[in-house]
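Chemist: need a 3D model of the following:
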Amino acid sequence: MVDSDGTTTIIGPCATTCPDGLARQCRDVGPSHRSEPPPRDPSPSSTIATMELVFDLWIRSATVVDGSGAEPRRASVGVRNGRIDVIEPDGDDRGPSSSSAAITLDATGMVLAPGFIDVHNHSDVAPLIEPTMPSTIRQGVTTVVVGNCGMSPFPASSAAELASWGGGTDGDPPAEELAFDSFGAYLERIATARPTVHVAALIGHGSVRELAMGQERRAPTPVELETMRGIVAEAMDAGAVGLSTGLIYAPGMYASTGEIVALAEEAASAGGIYASHIRGEGAHVFRAVDEAIEIGHRANIPVHISHLKCESSHAWGRAEELVARVHSAGATGDQYPYAAWSSVLRSLLPPWAPVGELRSLLTDPAMERRLVAAIEQGEDEEFQSSVDGVGWERIVIEGTADRSNDGLDVAAIARRRGIEPVEACLELLIADPETTCTGHAMHEDDVRAIRADPEIMVASDGVATSPRGGEAATPVHPRTYGTFPRVLGPFVRDGTLTLQAAVRAMTSLPADRFGLSGRGRISGGAWADLVLFDPAVITDRATYQQPHAFPDGIEAVVVEGDLAWRRGTDTIERSGRVLRRRG
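Modeler: Alright, predicted model coming up:
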C-alpha cells in the first residue's frame, strides 16, 4: 500500500505492485556508472546514526543467511543507494518504522540471502534478445558469468550460436547487433541493453582460436599463437574475468596443453581465472582434470572445473574421488544438480570428423567403420565416447530441423527409420548440424555426492529464456529454470547439505573465486543483491518434458537495491550492469 507520505509498505512479499520510480535514485547515470558510496559499519552506533535517513528498501524480520556459511540469524536489513546500509538484529526497537523507507518488505518466516551468482552460464547475448531474463532472475540469480566452454561472442562466430540457444532466430537479433569489433565493444553492448542481472564475462579460447586460425586441426604457428595471446590480453584489459576452454568442441579440441598454457598466462598476468569444460567427463575424467590442473600450475592461474560430473558407467561411483582430486590441487568446481547433460549432438564426433565433413567421410567405407567405432567406443587415449557406458536410449534429441524427432531418444528414432542408432545420429547431424540433445549419463548417487561437498559451487549451465513468445518453443534443459531452487529445496530438505552451506556455494564462494568484489555476502557496505525465499516451499518445477516452468518459493529478488521482481507479478525491473575485472 502507498502511505500518506508517499512510501510503500508491502505486507508480505506478494502484496501490491510498487509504484514505478521508487528506489531508483541512480538510474539517470546508467547501470555501468552507478555511484559507489563507501562501505558503512553496521554496528549499533552506526545504526543509531542512520535512523534519520530514508532507506530505499527495508526488509523486516528476515532469517538472514548471509553467504559466509554462518548460522542463520533474525535481522532486518536497510538498503540505501544500492548498498546494504544497516543490519539490525531482531528485537532491537531502535530500528526504523516503515515510514523511514521508500519500500518495506515484511520478511517474517522468509530467508534473506545474497543474490545467487551463476558462474557457468551461457546467456552471453540473452540481454539482446530478452533483457528481462525471466528464467534467471526468478531463480534468485542476480549475477551470471558468461563466456564459458570456450565460447564468447567476441571474437569469431559464436554469437549466432549462443543467440540460438536463448531463443534467437535468423535475423533476431539482427546480425549487426552480434558483430562486435572487440571484447570491450561486446561488454558495452551488453551494458547498453541494461539487463535485469549483472553480467561478468570470460574470454573463450575456442572463439579466439577460430579468429586466429579458423577450424584448422593443427598447432598454431608462432605468429598465430602471438595473435591469440594478444586477443586474450586485450579482452582482459577490457574487463574479462578470465579464460575459458571447451575441449570437447571444435576448434578447442584441436589445442594442445601447451597452447592453452600460453593463453592462460595472459589471463593470469591480469589476475584472471582459468575455467574449463575439460576434455572428458566419463572414462577420461581424471586425466582431463589433471590436464586442467597442469595448465593452472604452468600458467600460475587459479583453476575452475566446469560442471563436475561422473559421466557414464565407466565413472559412476567415483564422485568423492573426483572431488578430492580437484580439492587436492587447490582447484574449484561447479555443478548443476541433474543427472543429465545437454549439448550439441556433434559433440559426439571425434576431433578428426567435423560435422561439415561427414558426407565426404561416409563415402569411404573404411572411414565410415572408423567413425562408427569412435562414436560408440571411443579411441583409446585420443577420444572419449559419450555413448559408451551410456547407450543410445539415454541420448534424447532436444531440438533439430525435423521437430517430430524432438523428445525422442536416438534408439527410438533409429527403430522408426529401420536403421542402426549410430546411423540415425549421423543422419540427424547431416540434416541439421546444430541438432541439440540431452544425455542421461550420470548416476543420481554421484550427483548427490558432488552436491554434498560444500566447496563445490552451484551453476546452471543454462541460457536465460522465457516461457512466453517465441522463446517458449525453444527446447531447454530444466536446469535453465530450476537449478538454484532445486538445491535449496529438495537437496537441503533431504539433508544433502545445510541451508547455509548451500547459500554459500551460490554466493560468497563464487564471488571470491571469480573476483566479484562487494558481492556474495549480506554485510555492511556490500552491494544489495538479495533474494528472499520461503525455505519450506522453495523447489524447482521444470521437468525434461515441460522445462519452461518457473520455480516455487522465491518471494522477491533485489538487484543493487532495486526490487527487480517479486512473487505475484510479471513485472521485471532491469537494474543489472556489466561487472568488469579490476586489475
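
Chemist: where does pLDDT dip in the protein?
Modeler: 1-53, 91-99, 156-176, 583 (pLDDT under 70).

Chemist: check which helix or strand the residue nearest to Leu499 when sequence neighbours are not counted maps to.
Modeler: Closest residue in space to Leu499, ignoring its immediate chain neighbours: Val492 at 5.2 Å, by CB to CB, 6 or more residues apart in numbering. The C-beta positions use only the backbone N, C-alpha and C, and glycine is treated the same way. Secondary structure from DSSP states H and E places Val492 in helix 492-493.

Chemist: for Ala250, give me its contacts.
Modeler: Contact partners of Ala250, counting by CB atoms under 8 Å, 6 or more residues apart in numbering, are 206, 215, 346, 351, 354.

Chemist: and for Thr136?
Modeler: Neighbouring residues of Thr136 by CB under 8 Å, 6+ apart: 118, 121, 123, 126, 144, 196-197, 462, 464.

Chemist: hmm, try it at 6 Å
Modeler: Residues in contact with Thr136 (CB atoms under 6 Å, 6 or more residues apart in numbering) are 197, 464.

Chemist: what do you get for Glu434?
Modeler: The contact partners of Glu434, by CB under 6 Å, 6+ apart, come to none.

Chemist: so what does it have for phi and psi?
Modeler: Main-chain dihedrals, Glu434, degrees, to the nearest 10: phi -90, psi 10.

Chemist: again, but for Asp494
Modeler: According to degrees, to the nearest 10, Asp494 has phi -90, psi 0.

Chemist: how near is it to Arg451?
Modeler: 11 Å (CB to CB, to the nearest Å).

Chemist: among the two, which residue is more densely surrounded?
Modeler: Arg451 (22 against 9; other CB atoms under 10 Å).

Chemist: where's the more buried one relative to Arg325, distance?
Modeler: Distance from Arg451 to Arg325, by CB to CB: 17 Å.

Chemist: now do Asp118
Modeler: Distance from Asp118 to Arg325, by CB to CB: 24 Å.

Chemist: check Leu488 too.
Modeler: Leu488 is 27 Å from Arg325, by CB to CB.

Chemist: kindly check the end-to-end length of stretch 321-336 for me.
Modeler: Taking CA to CA, to the nearest Å, stretch 321-336 runs 18 Å from one end to the other.

Chemist: ugh, wrong one, I meant stretch 402-414
Modeler: Across stretch 402-414, the terminal residues are separated by 14 Å (CA to CA).

Chemist: so for that stretch, what gets flagged as buried?
Modeler: Neighbour counts over stretch 402-414 (16 or more other CB atoms under 10 Å) mark 405, 408-414 as buried.

Chemist: tabulate these in JSON lines, adding columns for distance to Gly568 and secondary structure.
Modeler: Converted to JSON lines, the buried residues of stretch 402-414 look like this (distance: CB to CB, whole Å; DSSP: H, G, I helix; E, B strand; the rest coil):
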{"residue": "Asn405", "distance to Gly568": "39", "secondary structure": "helix"}
{"residue": "Leu408", "distance to Gly568": "38", "secondary structure": "coil"}
{"residue": "Asp409", "distance to Gly568": "39", "secondary structure": "strand"}
{"residue": "Val410", "distance to Gly568": "42", "secondary structure": "helix"}
{"residue": "Ala411", "distance to Gly568": "44", "secondary structure": "helix"}
{"residue": "Ala412", "distance to Gly568": "41", "secondary structure": "helix"}
{"residue": "Ile413", "distance to Gly568": "43", "secondary structure": "helix"}
{"residue": "Ala414", "distance to Gly568": "47", "secondary structure": "helix"}
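
Chemist: can you name the two of the residues you listed that sit furthest apart?
Modeler: Asn405 and Ala411 (12.2 Å; CB to CB).

Chemist: so Leu308 is in which element?
Modeler: Applying DSSP H and E, one finds Leu308 in no helix or strand.

Chemist: reformat the buried residues of stretch 402-414 as a markdown table; add distance to Glu423.
Modeler: Shown next, in a markdown table, are these (distance: CB to CB, whole Å):
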| residue | distance to Glu423 |
| --- | --- |
| Asn405 | 14 |
| Leu408 | 15 |
| Asp409 | 15 |
| Val410 | 10 |
| Ala411 | 12 |
| Ala412 | 14 |
| Ile413 | 10 |
| Ala414 | 7 |
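
Chemist: looking at those residues, spot the one nearest Ile301.
Modeler: Val410 (38.4 Å).

Chemist: what sits closest to that closest one if chain neighbours are left out?
Modeler: Trp392 (4.4 Å).

Chemist: swap in Met253?
Modeler: Excluding the flanking residues, the one nearest Met253 by CB to CB, 6+ apart is Pro351, at 4.7 Å.

Chemist: would you agree that neighbour falls within a helix?
Modeler: No: judged by DSSP: H, G, I helix; E, B strand; the rest coil, Pro351 forms no part of a helix; its state is coil.

Chemist: mind checking the SS state of Gly78?
Modeler: Using three-state DSSP, the secondary structure recorded for Gly78 is strand.
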